[in-house]
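J.: No sequence on hand, only this structure:
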């Protein structure tokens with residue numbers, strides 16, 4: 001039991017920290033927006049991951065095995081979404097965002113519409129990422145237990161790992177001391193993130209899953 005939890009946690013941690021669409025979206029949001037918006041994005045990622053895990057526990061891989069075009073639809077939809085987000089970053093206006101004070105890091109106000117926007121972006125980024133789907137169904141196929149509470153524990157661990165890693169990353173990037181270093185390069189960071197998102201989109205579209 002303990003060995004299984006440790007093995008699952010380490011495997012999930014290594015997969016989550018690997019650079020991918022989620023990582024780039026969090027970096028871009030953390031450097032360009034408030035920490036609260038970054039958290040909204042991360043909550044969206046975690047909610048999307050929760051949906052994927054539930055589907056994995058219900059045996060979604062059998063559906064994909066019977067209808068392989070289903071994963072292809074997700075694959076191409078995810079690629080199209082990343083290309084859209086990448087182009088938005090590439091052609092963003094050249095502007096320097098305001099740097100919040102240290103004491104405002106957790107309280108800096110954001111409109112509900114902005115929070116909802118980043119929450120939606122997080123969900124879409126997660127659920128259209130075919131690599132995340134494969135990760136969930138492969139790990140839960142390996143560690144799935146006949147006991148519901150054990151599967152619930154695995155699910156909680158997976159969500160906690162994702163939230164802690166990405167929320168911590170967003171917090172680090174949103175710190176005034178960090179943002180001051182890259183303030184003059186913000187526009188180029190946006191363009192770089194956009195180019196990486198487009199490259200990842202083509203990788204997703206061209207990978208045989």
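T.: The structure has been received and is ready for your questions. Because the structure is a prediction, the values reported are computed rather than measured.

J.: Show me how far whatever helix or strand residue 160 lives in is from its chain's centre.
T.: Here residue 160, judged by DSSP states H and E, is contained in helix 148-174. Taking CA atoms, centre = their mean, to the nearest Å, one finds the center of helix 148-174 at 11 Å from the center of the full chain.

J.: Now do the closest residue to residue 116 other than its chain neighbours against residue 198, distance only.
T.: Of all residues not flanking residue 116 in the chain, residue 40 sits nearest, at 7.7 Å (CB to CB, 6 or more residues apart in numbering). C-beta: built from backbone N, CA, C; applies to glycine. From residue 40 across to residue 198, the span is 24 Å (CB to CB, to the nearest Å).

J.: Relative to residue 53, how far out is the residue nearest to residue 116?
T.: 20 Å.

J.: Quick one: residues contacting residue 37.
T.: 29, 110, 114, 115, 118 (CB atoms under 8 Å, 6 or more residues apart in numbering).

J.: And the residue nearest the centre of the chain?
T.: For the chain, the residue sitting closest to the mean C-alpha position, by CA atoms, centre = their mean, is residue 22 at 2.9 Å.

J.: if I read this right, that one contacts residue 46, doesn't it?
T.: No - using CB atoms under 8 Å, residue 22 makes no contact with residue 46, being 10.2 Å away.

J.: What residues of the helix or strand hosting residue 119 count as buried?
T.: Element membership of residue 119, judged by DSSP H and E, is helix 112-127. Neighbour-count burial for helix 112-127 flags 115, 117, 118, 119, 121, 122, 123, 124, 125, 126, 127 (criterion: 16 or more other CB atoms under 10 Å).

J.: Give the other helices and strands that that helix contacts.
T.: helix 21-32, helix 35-57, helix 68-90 (3 or more CB pairs under 8 Å, 6 or more residues apart in numbering; DSSP states H and E).

J.: If we use 6 Å, what do you get?
T.: helix 35-57 (3 or more CB pairs under 6 Å, 6 or more residues apart in numbering; DSSP states H and E).

J.: Name the next helix or strand downstream of the worst-scoring helix or strand of the chain on mean pLDDT, please.
T.: Every helix and strand in the chain was compared by mean pLDDT, DSSP states H and E; the lowest is helix 176-182, with a mean of 68. Going down the chain from helix 176-182, the next helix or strand is helix 186-206, by DSSP H and E.

J.: quick one: that following helix to helix 68-90, angle?
T.: 160 degrees (axes from the mean of the first three to the mean of the last three CA atoms, to 10 degrees).

J.: helices or strands next to helix 186-206 in the packing?
T.: helix 21-32, helix 68-90.

J.: any chance of those helices in JSON lines, plus mean pLDDT and distance to residue 194?
T.: Below are the helices and strands packed on helix 186-206 laid out as JSON lines (pLDDT from 0 to 100; distance: least, CB to CB, whole Å):
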{"stretch": "helix 21-32", "mean pLDDT": "86", "distance to residue 194": "8"}
{"stretch": "helix 68-90", "mean pLDDT": "86", "distance to residue 194": "3"}
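
J.: All set, thanks.
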